[in-house]
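# could you look at this predicted model? Sequence included:
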Amino acid sequence: MDVTWYLVLSALLFAIGAGGVLIRRSPLVILLCLELMLNAGNLALIAFARANGNEEGQVFALVVMVVAACEVVVGLGLIVAMFRRRLPLNVDDMRELRG
Amino acid sequence: MEEVAFFVGAIGAIGGAIAVVALRNPFYSVLALVVHLVALAGLFLILHAEFLAAAQVVVYAGAVMVLYVFVAAYVGGVEEPIWEPIPGQRLLAPVLAAALFAELSIAVLGTALTSLESEGPTIQAGFGSPAAIGELLLEKFLIVFEAASLLLLVAAVGAIVLAGRRQETG
């Protein structure tokens, strides 16, 4: 299998995730779509690591996983805080900071 | 054999991703993401990233998704509103996503990098094993490793501050 196949698959997964962020309005599903995009990036990094024959891309993908875990923790904390304050769980209603 | 494994993994990953976006119930979206992550772990195995495949299943599909399931169950089903703040958003967004995919594909397929046209160089045994990754992480990328651990600490403290129950008097 050429590495190009993996890169095209990663582009497709990234586009699906980006489309999901644009379509869905629930913050929980938007976080899930962000996970899709991060994992598409991970797939591309690992495919490049295979194409170059060294593992440094894999270390980078591992760091991306750490960052994704941090993003999940803070994002889910925000969702729980929104829920506790009886705020609507809809990103379009969160427009108080709009200029 | 490798082609079959690739296409099975790719179909699983794409199906899981589409299900995440398309399913109405956030709980089912989380479960679809688990399918997507396990399929991706299979693809990592084909690319000889054994340690990352294991980490993907244990850390991602295991720990992080349990967190998602808890929050989805705590918050409950979220109603998607009927009205759209931006007119035509539901129609425009898939068009934009398709344009993004086309653009990225053109970039990948039109590149002059010849190393992408092959399977990659032959690799020695132990490529992508925990020993190799750990050696790189603790020798060449030590500062990255420490920065990541600091980031995790800050995120944990931040989550407690954000979601912790506080005194009602304040």
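Ah, there it is. Just so you know, these numbers come straight off a predicted model, no measurement behind them.
# for chain B, what is the nearest residue in chain A?
Closest residue of chain A to chain B, Cβ to the nearest Cβ: A:G19 (3.0 Å). All C-beta spots, glycine's among them, are computed from the backbone N, C-alpha and C.
# nearest the geometric middle of the chain, what residue?
Reading this off chain A. A:L34 (2.4 Å; Cα atoms, centre = their mean).
# sorry, I should have been clearer: chain B.
The structure's chain B has its C-alpha centroid closest to B:L37; by Cα atoms, centre = their mean the separation is 6.6 Å.
# output the contacting helices and strands for the one helix or strand that residue maps to.
Element membership for B:L37 (DSSP states H and E) is helix B:26-46. Contact here means 3 or more Cβ pairs under 8 Å, 6 or more residues apart in numbering or on different chains; DSSP states H and E; on that basis helix B:26-46 packs against helix A:27-52, helix B:2-22, helix B:50-55, helix B:65-75.
# that helix vs helix A:27-52, what angle?
Interaxial angle of helix B:26-46 relative to helix A:27-52 (axes from the mean of the first three to the mean of the last three Cα atoms, to 10 degrees): 10 degrees.
# now do the buried residues in stretch B:89-104.
B:93-94, B:97, B:100-101, B:104 (16 or more other Cβ atoms under 10 Å in any protein chain shown).
# so A:R25 touches A:V91, yeah?
Yes: here A:R25 reaches A:V91: they are 5.7 Å apart, a contact under Cβ atoms under 8 Å.
# which residues are in contact with each of the two?
Counting by Cβ atoms under 8 Å, 6 or more residues apart in numbering or on different chains, A:R25 and A:V91 have no contacts in common.
# looking at the two, which has the bigger crowd around it?
Neighbour tally, A:R25 and A:V91, criterion other Cβ atoms under 10 Å in any protein chain shown: the higher count belongs to A:R25, 19 against 15.
# excluding chain neighbours, give the residue nearest to that one in space.
Of all residues not flanking A:R25 in the chain, A:N90 sits nearest, at 5.2 Å (Cβ to Cβ, 6 or more residues apart in numbering or on different chains).
# what's the pLDDT at that neighbour?
What the model reports as pLDDT for A:N90 is 79.
# likewise for B:S105?
At B:S105, the model reports a pLDDT of 90.
# next up, the contacts around it.
B:S105 is in contact with A:8, A:11, counting by Cβ under 8 Å, 6+ apart.
# ok, B:A98 next?
Residues near B:A98 by Cβ under 8 Å, 6+ apart: A:15, A:19.
# not counting stretch B:56-73 itself, show me its contacts.
A:28, A:31-32, A:65, A:68-69, A:72-73, A:76, A:79-80, B:26-27, B:30, B:33-34, B:37-38, B:40-41, B:44.
# no no, stretch A:46-63
A:3, A:6-7, A:10, A:42, A:45, B:44, B:47-49, B:51-52, B:55, B:115-116, B:118-123, B:127-128, B:132-133, B:136-137, B:140-141, B:144, B:148.
# could you pull out the buried residues of that stretch?
Buried positions in stretch A:46-63, judged by neighbour count with 16+ other Cβ under 10 Å: A:46-51, A:54-55, A:57-63.
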